[in-house]
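J.: here is a sequence with its predicted model. Questions after.
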Amino acid sequence: MSLPPTKCTLYPVFAAASPHAVIYRRGPSNHTCLIAWDRSDDSFEIGHWFKGTVKPAWSGLSPDGEWLVSFVGKYRGPFATWTVLSRPPFLTAVALWPKGDTWAGGGFFLADGTLVLTHGEGPYDLAPGFSPPPGLTVLPFTRANAQALTARAQSGPAASRWRPDPAVEGGWILDAPSGAPSSHAFIRSVSAYTADPLRSLPESVRHSLCAGGPPVPLPVAGWAAFDRNGDLLFSQGGALFRLDADRIAGLGSTDELLARARCLADFSDLRFRPLAAPYAAPKDGFAPALDRVSREDRQWRRQMRKARERVGGAG
């Protein structure tokens, strides 16, 4: 007996100068799994699970894909929330900065060896026992380095170049890369979160593909971006899709879009599994617990036990 797929969402973070990406797979509830994604061959590596708060939008991947900065929290222990530097697809801390609240946190990379912490007015001190890895410079957030990030985004991967949509209130536009077969296409993103407070934030976002004809809606509660070659990348729940750039033109419906796209992987049925980071031992427990049993595991065991009892009673 197997459990039904878990309701989940995918949020990838791209490296600026390599085909590497990290997917934050969220669900159920406050469970997050990291998945390394090599877009050169669409291969994946399942990494750490974390039970607590994770804000993928506050995360950053170094341009070469070697380092990952994430904002996480459990609202207990000495720090409550913190920013962690790790090697993807793991969350075991190589360096850790306590935060204590959710007013700001996380960070971004200006270069492979330059990390900017977005801790607002602070704190910026490392947790006891931690130090930055050799060769990494850590800077506080300033207006100047925020402008530097914006300037880099204008010449970086298309996935980082969202701009306000002048034609739609509250809308954003992501253009396909210049020179790609689909360079005339763009993604429009609109949120209905404030109009319908009963929706969750992911479920309120509506993406559509515009490629010369009427806008084609993308799946609800999904994510969408263009790859560097102009391919359309998008998710539907826990499934990740790629639509080749030369197959974008002439689309007329969502069903046709899904029929043309390739499903790269479906992570809906992932379950927690213990996994130790190969590069470092956890310090003071700031890594996913390896002996924790997830709610899905307990539910699955209950169902299996009841099934065995029914079989035994029938015999």
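T.: On my side now, so go ahead.

J.: can you map out the helices along the stretch 1-150 of the chain?
T.: 143-155 (DSSP state H, counting those that start in this stretch).

J.: surely residue 168 meets residue 191?
T.: No. Between residue 168 and residue 191 there is no contact under C-beta atoms under 8 Å: 10.7 Å. C-beta coordinates here come from the backbone N, C-alpha and C atoms, glycine included.

J.: more neighbours, those two?
T.: Of the pair residue 168 and residue 191, residue 191 is the one with more neighbours under other C-beta atoms under 10 Å, namely 16 against 12.

J.: I figured that one hits residue 170, correct?
T.: Yes. Here residue 191 reaches residue 170: they are 6.1 Å apart, a contact under C-beta under 8 Å.

J.: pull the distance from stretch 28-43 to the chain's centre.
T.: 7 Å (C-alpha atoms, centre = their mean, to the nearest Å).

J.: any weak-confidence spans in the stretch 151-300 of the chain?
T.: 151-160, 192-204, 280-300 (pLDDT under 70).

J.: need the strands for it, in chain order.
T.: Ranges of strands within the stretch 151-300 of the chain are 163-164, 171-175, 186-191, 205-210, 216-217, 224-226, 232-236, 239-243, 262-266, based on DSSP state E, counting those that start in this stretch.

J.: I'd like those written out as JSON lines, with distance to residue 72 added.
T.: Formatted as JSON lines, the strands of the stretch 151-300 of the chain follow (distance: least, C-beta to C-beta, whole Å):
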{"stretch": "strand 163-164", "distance to residue 72": "29"}
{"stretch": "strand 171-175", "distance to residue 72": "26"}
{"stretch": "strand 186-191", "distance to residue 72": "24"}
{"stretch": "strand 205-210", "distance to residue 72": "22"}
{"stretch": "strand 216-217", "distance to residue 72": "33"}
{"stretch": "strand 224-226", "distance to residue 72": "23"}
{"stretch": "strand 232-236", "distance to residue 72": "22"}
{"stretch": "strand 239-243", "distance to residue 72": "23"}
{"stretch": "strand 262-266", "distance to residue 72": "24"}
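
J.: out of these, which comes closest to residue 90?
T.: Of all these, strand 262-266 sits nearest to residue 90, with 19.0 Å by C-beta to C-beta.

J.: so for that closest one, what gets flagged as buried?
T.: 264-265 (16 or more other C-beta atoms under 10 Å).

J.: any idea how far it is from the chain center?
T.: With C-alpha atoms, centre = their mean, you get 16 Å for strand 262-266.

J.: show residues contacting it.
T.: With C-beta atoms under 8 Å, 6 or more residues apart in numbering as the test, strand 262-266 has contacts from 5, 42, 44, 238-244.

J.: quick one, which of these are buried?
T.: Using 16+ other C-beta under 10 Å, the buried ones in the contacts of strand 262-266 are 44, 238-244.

J.: just checking, residue 257 touches residue 218?
T.: Yes. Residue 257 lies in contact with residue 218 (C-beta under 8 Å); the separation is 7.3 Å.

J.: any common contacting residues for those two?
T.: residue 209.

J.: these two: which has the busier surroundings?
T.: Taking neighbours as other C-beta under 10 Å, residue 257 and residue 218 compare with residue 218 leading, 25 against 22.
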